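J.: Sequence first, then the predicted structure, then my questions.
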Amino acid sequence: MSQLLRARRVLTEQGWLDDHQLRIEKGVIAAIEPVPPGITARDAELLCPAYIDTHVHGGAGLDVMDDAPDTLDKLALHKAREGVGGWLPTTVTAPLDAIRNALERIARRCQSGGPGAQVLGSYLEGPWFTPQNKGAHPPELFRELDLAELDDLIAVSQNTLRIVALAPEKPGALQAIQHLKQRGVRVMLGHSAATYEQTCAAFDAGADGLVHCFNGMSGLHHREPGMVGAGLTDTRAWLELIADGHHVHPAALRLCCGYAKTRVVLITDAMRAAGMPDGQYDICGYDVEMRGGIVRTASGGLAGSTLSIDTAVRNMVKHAGATPEEAIHMASLHPARLLGIDRQLGSIEPGKCASLIALDNGLHLQRVWIQGQPFAL
């Protein structure tokens, strides 16, 4: 059966269409058409592609590394309530067996499907980092790059591994980047003290961008542009941004928006405290505390975020000067392009999956459809 969704405005890759409707068949957008004359009812003020959060550690009191069988189902439901249609469960630096087990669980969930936001694959954040910008990652568990080990992890993931994060100054990093790219895995650079030159060499080798740009890396200086300078100036680089107002100053958000708006990928980097009250939590085996929605380690460092992706979109409009359509693309079309799935997801276009959200004029979430099916908020 066909399903019709009518909206005052529909967001496409080319911009807004006024008073249009989507015809959906079997979970796929079959057509985008003007609303026939005389029909006044609308299903949405703004009808937009569902968000894609490529970097998620947890939320609702749960962590991707938890081995309870329903963890990923509960997290998928939590993400869908933010307007997320697809996401990448993201690991942390941990013993290799724990990482392998997480990849196995994510692979099973990716293949079996389930409630809530679609699991699109896995994201390995660590353990191939360096200590200088370790963030909340335990440096005693950092590892050297080994191609056989990477191949084993890809095999364990049943080829659902989508992104590997690593520090580009590590021995063998350029060879590892080339190897991962040949295997169809994206590579992001972070938790690193790499120089501008080392970062550019990694982009030349095929690296795709920066892990949570500005955080956990060598910063922008006028005589040593660092990883941030390399990412801003290299047009091949996607820039993950945590737009919560704590991880990145609004002026730095504006810098990214002004110089690299077509390459920004909004992420949450959310950990288990997201959606929860202030209190004590843990990440990477460390005890952390959330106060006022900000999570910090005992030494005062930031430890993941409690951001929701719909809030990140609004923050880019409010603090960075992005237009609503630019900010929405940063959380939908851009991550789909980063993952190479933009023929299926990320924008409203005939032939693409009908994972959609309805927003009001303030960009607050009203309704969600995942693969054409309504999701109860």
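T.: Sure, I can see it. Numbering: from 1, shown residues only.

J.: what about the helices in this structure?
T.: Per DSSP state H, the chain carries helices over the ranges 71-80, 96-112, 147-156, 173-182, 196-205, 226-233, 250-260, 309-320, 324-330, 333-339.

J.: now those helices as a markdown table including mean pLDDT, distance to Ser299 and mean neighbour count?
T.: C-betas here are computed from N, CA, C, even on glycine. Shown next, in a markdown table, are the helices of the chain (pLDDT from 0 to 100; distance: least, CB to CB, whole Å; neighbours: other CB atoms under 10 Å):
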| stretch | mean pLDDT | distance to Ser299 | mean neighbour count |
| --- | --- | --- | --- |
| helix 71-80 | 98 | 28 | 22 |
| helix 96-112 | 97 | 24 | 18 |
| helix 147-156 | 98 | 30 | 15 |
| helix 173-182 | 98 | 27 | 19 |
| helix 196-205 | 98 | 26 | 20 |
| helix 226-233 | 98 | 22 | 23 |
| helix 250-260 | 95 | 23 | 18 |
| helix 309-320 | 98 | 26 | 22 |
| helix 324-330 | 98 | 31 | 23 |
| helix 333-339 | 98 | 31 | 23 |
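
J.: and of those, who's closest to Arg162?
T.: helix 333-339 (5.9 Å; CB to CB).

J.: Distance of Gln198 relative to Ile99?
T.: Using CB to CB, to the nearest Å, Gln198 is found at 25 Å from Ile99.

J.: pretty sure Thr235 is in contact with Lys261, am I right?
T.: No. Judged on CB atoms under 8 Å, Thr235 makes no contact with Lys261 at a distance of 11.9 Å.

J.: So for those two, which residue has more residues nearby?
T.: Lys261 (19 against 9; other CB atoms under 10 Å).

J.: Excluding chain neighbours, what is closest to that one?
T.: Spatial nearest neighbour of Lys261, chain neighbours left out: Glu326 (5.8 Å); criterion: CB to CB, 6 or more residues apart in numbering.

J.: list the contacts for the one you found?
T.: Cys257, Lys261, Met316 (CB atoms under 8 Å, 6 or more residues apart in numbering).

J.: Closest one of those to Ile39?
T.: Met316 (33.5 Å).

J.: okay, the helices of the chain in TSV with distance to Arg6 next?
T.: Formatted as TSV, the helices of the chain follow (distance: least, CB to CB, whole Å):
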stretch	distance to Arg6
helix 71-80	22
helix 96-112	33
helix 147-156	44
helix 173-182	43
helix 196-205	44
helix 226-233	41
helix 250-260	32
helix 309-320	22
helix 324-330	19
helix 333-339	22
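
J.: For burial, what's the neighbour tally of Gly38?
T.: 5.

J.: gap between it and Thr93?
T.: 60 Å.

J.: cool, and Ala322?
T.: Counting by CB to CB, the gap from Ala322 to Thr93 is 32 Å.

J.: Please consider this matter closed, and thank you.
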